[in-house]
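Student: Model the structure of this input:
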Amino acid sequence: MIKASELRIQLDETRKKLESGDITTKEAGEFANLAGKMISSAKVQIEYYALIEKAPVIDFLKDDSA
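Tutor: Below is the predicted model of the structure:
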């Protein structure tokens, strides 16, 4: 599973590819759309855990570098 920190790296790589012309704006847009959906999904999980007053365990948000 990809982590949020890895997603940020991939988004930056996608931006660089777009600037260099290696991918189209449509391809970059599709990737950004997918990234947004992944982030929205994590936000829903956080909101759910807040409602049930439990600490969330969300692998997507874990930062293994810390």
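Student: can you map out the strands along this structure?
Tutor: For the chain, no strands turn up when DSSP state E is the criterion.
Student: Any stretches of it with poor pLDDT?
Tutor: For the chain, the stretches with pLDDT under 70 are 65-66.
Student: So which elements touch the longest helix anywhere in the chain?
Tutor: Counting by DSSP state H, the longest helix found in the chain is helix 25-51. Helix 25-51 is packed against helix 4-20, with contacts defined by 3 or more CB pairs under 8 Å, 6 or more residues apart in numbering; DSSP states H and E. The C-beta positions use only the backbone N, C-alpha and C, and glycine is treated the same way.
Student: For the helix it packs on, which helices and strands make contact with it?
Tutor: For helix 4-20, the packing partners by 3+ CB pairs under 8 Å, 6+ apart are helix 25-51.
Student: List the buried residues in the helix it packs on.
Tutor: By neighbour count with 16 or more other CB atoms under 10 Å, helix 25-51 contains the buried residues 28, 31, 35, 42.
Student: That one versus helix 4-20: what angle between them?
Tutor: Calculated by axes from the mean of the first three to the mean of the last three CA atoms, to 10 degrees, helix 25-51 forms an angle of 160 degrees with helix 4-20.
Student: and helix 25-51, how far from the chain's centre?
Tutor: Centroid displacement of helix 25-51 relative to its chain, using CA atoms, centre = their mean, to the nearest Å, is 6 Å.
Student: cool, and stretch 55-66?
Tutor: 13 Å.
Student: Pull the residues that contact it.
Tutor: If you take CB atoms under 8 Å, 6 or more residues apart in numbering as the criterion, stretch 55-66 is touched by 1-5, 38, 41-42, 45-46, 48-49.
Student: For Pro56, grab phi and psi.
Tutor: Dihedral angles of Pro56 (phi, psi; degrees, to the nearest 10) stand at phi -70, psi 150.
Student: Count the neighbours of it for me.
Tutor: Residues lying near Pro56 (other CB atoms under 10 Å) number 13.
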